[in-house]
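# everything below, folded, please.
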Amino acid sequence: MWRPDFPFLERRPGRLIGAHRALCVFSHVHRGTPEKPGLVLGLDRGGACRGIAYRVSSENRTQTVAYLREREQTTMVYREVTRAVWLEGSPTQRVSALCYVADRGHAQYAGRLSIEEQLRYIRQGHGRSGANPEYVIATVRALEALGCRDETLHVLAERLSGAPESHLEPI
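Numbers count the residues shown, from 1 in each chain. All right, here's what the predicted structure looks like:
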């Protein structure tokens with residue numbers, strides 16, 4: 001959401017129904033290692049999720065999908081699916097979006113962990129893409145920019161940054 005790293009024509013806030021954002025995937029590559037896994041977000045079954053829908057040109061589609069597969073499917077912990085996303089500001093405007101949904105049958109699926117368990121994994125996690133706490137804090141900032149508050153992620157970011165648990169201060 002906050003680091004697409006591919007060319008796009010448009011980015012629009014949207015809502016995905018039927019899945020929610022959760023720190024439900026043990027990271028063995030990007031934000032952790034097999035010996036010291038971190039935790040990363042996945043779309044998990046149930047609920048709804050606000051996020052960003054990116055529109056790419058037809059000329060860049062194949063290259064963008066290949067890039068996303070290389071980045072997101074390093075250990076095949078996600079299922080690549082196409083889902084309907086409703087664009088913000090246009091409740092009747094629905095688009096098909098490529099999404100990566102957590103595979104509950106994969107060994108790296110963490111499921112629902114307590115806040116303390118999540119903090120332990122996040123604090124220890126560091127991988128190819130950097131420190132796990134930075135990932136959580138950057139995600140919260142991106143959510144705040146959307147006018148969105150995810151209670152669990154906000155509490156985690158506040159605890160990780162040492163900020164009072166009422167608001168995460170911007171850098």
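# who does the helix ranked longest in the chain touch, helix- and strand-wise?
Counting residues, the longest helix found in the chain (DSSP state H) is helix 132-145. Secondary-structure packing of helix 132-145 (3 or more C-beta pairs under 8 Å, 6 or more residues apart in numbering; DSSP states H and E): strand 38-55, helix 115-124, helix 151-161. Quick note: C-beta positions are derived from backbone N, CA and C, even for glycine.
# need the contact partners of that helix.
By C-beta atoms under 8 Å, 6 or more residues apart in numbering, the residues outside helix 132-145 that reach it are 1-3, 23, 27, 31-32, 38-41, 50, 121-126, 129, 149-150, 153-154, 156-157, 160-161, 168, 170.
# measure the residue located most distally from the centre of the chain to residue 11 for me?
Most distant from the centre of the chain: residue 59, at 25.8 Å, with distances by C-alpha atoms, centre = their mean. To residue 11, residue 59 is 18 Å away according to C-beta to C-beta, to the nearest Å.
# what residues are up against the most centrally placed residue in the chain?
For the chain, residue 41 is the residue whose C-alpha lies nearest the centre (C-alpha atoms, centre = their mean; 4.1 Å). Shown in contact with residue 41 (C-beta under 8 Å, 6+ apart): 21, 22, 23, 24, 25, 139.
# my guess is residue 55 contacts residue 7, does it?
No - the criterion here is C-beta atoms under 8 Å, and residue 55 misses it with residue 7 at 10.7 Å.
# spit out the residues that contact those two alike.
Counting by C-beta under 8 Å, 6+ apart, nothing touches both residue 55 and residue 7.
# identify the bridge partners of residue 40.
residue 25 (DSSP bridges).
# what sits against it?
Contacts of residue 40 (C-beta under 8 Å, 6+ apart): 23, 25, 27, 30, 31, 132, 135.
# for stretch 140-157, how far is the first residue from the last?
End-to-end distance for stretch 140-157, by C-alpha to C-alpha, to the nearest Å: 7 Å.
# now that stretch: how far from the chain's centre is it?
12 Å (C-alpha atoms, centre = their mean, to the nearest Å).
# buried set for that stretch?
Residues of stretch 140-157 classed as buried: 140, 143, 144, 148, 150, 153, 154, 155, 156, 157 (neighbour count, 16 or more other C-beta atoms under 10 Å).
# what of stretch 127-137?
Neighbour-count burial for stretch 127-137, counted by 16+ other C-beta under 10 Å, picks out 127, 129, 131, 132, 133, 135, 136, 137.
# how about stretch 26-33?
Across stretch 26-33, burial judged by 16+ other C-beta under 10 Å covers 26, 27, 28, 29, 30, 31, 32.
# restricted to strands, list these.
Of these, the ones assigned to strands by DSSP state E are 26, 27.
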